[in-house]
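> Mind looking at a prediction? Sequence and model below.
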Amino acid sequence: MAEFLQYTASALTLACTISLIATGWVLIYQVSEVLNLAQGSFLVIGGLMFVSISHDLGVPVPLAIVLTVALVASWGVASDIVVLRPARQVTGLAPIFITLGLAYVLGEVARSLWGPDPLTAPHFFTDRPFQIGGVLLQAQAIVLWSATLCTFAVLWLVFGRTLIGKSMRACAQSPRGAILVGISPAHMRSLAFGIAAGLGALAGAFLIPLSPISWADGLHIGLQGLVAAILGRWSYAGAAAGAAVLAAAETYTAGYISSAWKDAVWLALLIVVLLAAAAAPEIRRRLHAVRSARMVTA
Amino acid sequence: MLEFKNVVAAYQRTAVIHGVTLAARPGQVVAVLGANGAGKSTLVRVAAGILPAREGSVELDGRPLDRVRPHRRVRLGLAVVTEQKDLFSGLSVADHLELGGRNLDARTREHALSRVHRLFPVLAERSSATAGNLSGGQQQMLAIGRALAGGPKCLILDEPSLGVAPQLVADILRTVRSLADEGLTVVLVEQNARQALRIADRAVVLQRGRVAFAGAADELAEPSVLSSFYLGGV
């Protein structure tokens, strides 16, 4: 049981990280219909930039987090304005390849600035684990869980209560309707990129003390976020649930079977969900036909 | 005052509007009539900035709108209710009205909101309902209410009778008339000509993207005159 709980704690940490990335995916996709393959790169840049700001420059951790998030969010906004906005007229697969290119460029920028080796940072409080019911927990993990929870609470308030949040939701639901009330979809898309990049940076800053981050990690973690978003059918709550399922599948597979299988399992899960989604209308149609036939017979 | 001056508009290479000129003054309801495909909705899209005019211009109180970006036109006082209504299905009635008045200061916004609630009391009653859960008539009222919440000088309505029960259409059109009587400029694009003419001061009939008739609404009151335009006989 202790082993299971230990894996569950690890899965929760992974779920928090993936859910922040997945939320970025959902946000950008809902507002701009762009699949941003550079989403994971924001986590990498955020994590590495946090190390430079807090460790190399000696800036206190809370301020370093704020600076990291602000800088990476600005980077996200700039990516949209400079690269994606001019390409908005291009349809088809072009935007995906543009974001793929952006992911590689950001990866190379990270390698040039921070070197080829993974970096880590000191834990925010203590790196000495403590035990609860036979489960070893890191204070940093609890900080990450709490930060994720707080972030979702703030996002819920912003999207549900503020004019800017409602404007973004309006833009996601009907860009033309948004224009008719004076909202600029282009501004909302840039804002979505900024928030998504900020979420990635936040995940990176809280994760890097627990797990070293390398310049090459962007696409992998970004893809995990995408899969969580797909599992969650592109809703915010769904993406968080998708992240939890994915993290559990990966962690339990690594723990109970073999770490060599962990990626294969969550990718297989994606295939199953996509096939199920494709088959769902036909299944619903047949069930409806069976029900109708029974009613006629009765 | 809203003016279309020799507006030419096209979808890709196909011109749909060929040099349309019309004007709507404050306090007037101008009905834009015509059969399907006459170019009525295209004219609305040009005014909203969703489709740029290829030639000519649209002016609001003498100011050309051609270089004004679509979302900025609201701030100048132009409100458009499209045929599709373009509501935000997951947002509440209150959210729609809040977003409609987002460019106004608090006092003006409050004033505009109370006017919307006075005109359409059902929007106050159903303020927490999401747009997707409203009936067709209530959605139409919400679309008009959202446009009015921005305190516009000019209101363009595209087919407000579409998908709405006949009794409710009459109520909505009466409200539109009262808005014009309060000084609003109203352009009413309608396929249901008879109902539109009941509240209109002036009428413009479009045929294949050209103005086939422009004059007082009364002149079209005779059914045979009206039907001749719809049948393309004039």
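Cool, got the structure.

> and A:Ala70, how many neighbours?
The local packing of A:Ala70 (other CB atoms under 10 Å in any protein chain shown) involves 13 other residues. To be clear about C-beta, it is placed using only N, CA and C from the backbone, and glycine gets the same treatment.

> tell me which element it falls in.
Here A:Ala70 sits within helix A:61-79, counting by DSSP states H and E.

> In contact with the closest residue in space to A:Met1 that isn't next to it in sequence, which residues are there?
Leaving aside its sequence neighbours, A:Met1 sits nearest to A:Gly134 (CB to CB, 6 or more residues apart in numbering or on different chains; 7.7 Å). By CB atoms under 8 Å, 6 or more residues apart in numbering or on different chains, A:Gly134 lies in contact with A:Met1, A:Ala2, A:Leu5, A:Gln6.

> what's the distance between A:Gly134 and A:Thr13?
Distance, A:Gly134 to A:Thr13, using CB to CB, to the nearest Å: 18 Å.

> Let me know the helix or strand that residue 229 is in.
By default, I'm working from chain A. Element membership for A:Ala229 (DSSP H and E) is helix A:218-231.

> Wait, chain B was what I had in mind.
B:Phe229 belongs to helix B:223-230, assigned by DSSP H and E.

> For that helix, which helices and strands make contact with it?
If contacts are counted by 3 or more CB pairs under 8 Å, 6 or more residues apart in numbering or on different chains; DSSP states H and E, helix B:223-230 sits against strand B:29-34, helix B:193-199.

> What's the first helix or strand after the longest one?
Stepping forward along the backbone from helix B:193-199, the first helix or strand reached (DSSP H and E) is strand B:202-207.

> Name whatever forms a beta bridge with the nearest residue to B:Ala214 once chain neighbours are set aside.
Take B:Ala214 and drop its neighbours on the chain: the residue closest to it by CB to CB, 6+ apart is B:Val204, 4.8 Å away. Beta bridges link B:Val204 to B:Val32, B:Ala214, judged by DSSP bridges.

> from what I can see B:Val204 touches B:Val29, true?
No - B:Val204 sits out of contact with B:Val29 when judged by CB atoms under 8 Å, with a separation of 11.6 Å.

> Strands of chain B, start to end?
When assigned using DSSP state E, the strands of chain B occupy the ranges B:2-11, B:14-24, B:29-34, B:55-60, B:63-64, B:78-81, B:154-158, B:185-189, B:202-207, B:210-216.

> Take the ones you listed and lay them out in JSON lines including mean pLDDT and mean neighbour count.
Output for the strands of chain B, formatted as JSON lines (pLDDT from 0 to 100; neighbours: other CB atoms under 10 Å in any protein chain shown):
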{"stretch": "strand B:2-11", "mean pLDDT": "93", "mean neighbour count": "19"}
{"stretch": "strand B:14-24", "mean pLDDT": "91", "mean neighbour count": "18"}
{"stretch": "strand B:29-34", "mean pLDDT": "94", "mean neighbour count": "27"}
{"stretch": "strand B:55-60", "mean pLDDT": "94", "mean neighbour count": "17"}
{"stretch": "strand B:63-64", "mean pLDDT": "94", "mean neighbour count": "12"}
{"stretch": "strand B:78-81", "mean pLDDT": "96", "mean neighbour count": "26"}
{"stretch": "strand B:154-158", "mean pLDDT": "96", "mean neighbour count": "24"}
{"stretch": "strand B:185-189", "mean pLDDT": "96", "mean neighbour count": "26"}
{"stretch": "strand B:202-207", "mean pLDDT": "92", "mean neighbour count": "24"}
{"stretch": "strand B:210-216", "mean pLDDT": "91", "mean neighbour count": "15"}
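
> who wins for proximity to B:Ile50 among the helices and strands packed on helix B:223-230?
Nearest to B:Ile50 among the helices and strands packed on helix B:223-230 is strand B:29-34 (16.5 Å), distances taken as CB to CB.

> Can you spell out which helices and strands pack onto that closest one?
So strand B:29-34, by 3+ CB pairs under 8 Å, 6+ apart, packs with strand B:14-24, helix B:40-48, helix B:166-181, strand B:185-189, helix B:193-199, strand B:202-207, helix B:223-230.

> Swap in 7 Å and give it another go.
If you count contacts as 3 or more CB pairs under 7 Å, 6 or more residues apart in numbering or on different chains; DSSP states H and E, strand B:29-34 packs onto helix B:40-48, helix B:166-181, strand B:185-189, helix B:193-199, strand B:202-207.

> Residue ranges in the chain under the pLDDT threshold?
Since no chain was named, I'll use chain A. Within chain A, the stretches with pLDDT under 70 are A:91, A:297-298.

> My question was about chain B, not that one.
The model of chain B has pLDDT under 70 over residues B:230-234.

> what does it have sitting close to chain A?
B:48, B:50, B:70-71, B:74-75, B:80, B:86-91, B:95, B:98-100, B:102-103, B:146, B:150 (CB under 7 Å from any CB of the partner chain).

> Extract the CA atoms of the helix holding B:Phe229 and return them as PDB.
Extracted in PDB, the C-alpha atoms of helix B:223-230 (Å, rounded to 0.1, in the frame of the first residue of the first chain):
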ATOM      1  CA  PRO B 223     -48.500  44.900 -52.500                       C
ATOM      2  CA  SER B 224     -48.300  44.800 -56.300                       C
ATOM      3  CA  VAL B 225     -45.500  47.300 -56.300                       C
ATOM      4  CA  LEU B 226     -43.600  45.400 -53.700                       C
ATOM      5  CA  SER B 227     -44.000  42.000 -55.300                       C
ATOM      6  CA  SER B 228     -42.800  43.400 -58.600                       C
ATOM      7  CA  PHE B 229     -39.400  44.100 -57.100                       C
ATOM      8  CA  TYR B 230     -39.300  40.600 -55.600                       C
END
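
> before we move on, the earlier item: sitting in helices, which of the residues of chain B next to chain A do you find?
Per DSSP state H, helices hold the following members of these: B:Ala48, B:Asp95, B:Glu98, B:Leu99, B:Gly100, B:Arg146.

> Format the residues you listed as JSON lines; extra columns: neighbour count.
Formatted as JSON lines, those follow (neighbours: other CB atoms under 10 Å in any protein chain shown):
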{"residue": "B:Ala48", "neighbour count": "25"}
{"residue": "B:Asp95", "neighbour count": "22"}
{"residue": "B:Glu98", "neighbour count": "19"}
{"residue": "B:Leu99", "neighbour count": "25"}
{"residue": "B:Gly100", "neighbour count": "28"}
{"residue": "B:Arg146", "neighbour count": "29"}
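
> okay if I get those residues as JSON lines plus distance to A:Phe97?
Converted to JSON lines, those look like this (distance: CB to CB, whole Å):
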{"residue": "B:Ala48", "distance to A:Phe97": "33"}
{"residue": "B:Asp95", "distance to A:Phe97": "36"}
{"residue": "B:Glu98", "distance to A:Phe97": "39"}
{"residue": "B:Leu99", "distance to A:Phe97": "34"}
{"residue": "B:Gly100", "distance to A:Phe97": "38"}
{"residue": "B:Arg146", "distance to A:Phe97": "38"}
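
> Closest one of these to B:Arg107?
If you rank these by distance to B:Arg107 using CB to CB, B:Glu98 comes first, at 15.0 Å.

> how close does that closest one get to B:Ala106?
For B:Glu98, the distance to B:Ala106 - CB to CB - is 12 Å.

> same check, this time on A:Trp234
Distance of A:Trp234 to B:Ala106, given as CB to CB: 36 Å.

> So the two - more neighbours on which side?
A:Trp234 (15 against 8).

> In this structure that one contacts A:Tyr29, no?
Yes - taking CB atoms under 7 Å as the definition, A:Trp234 is a contact partner of A:Tyr29 at 6.1 Å.
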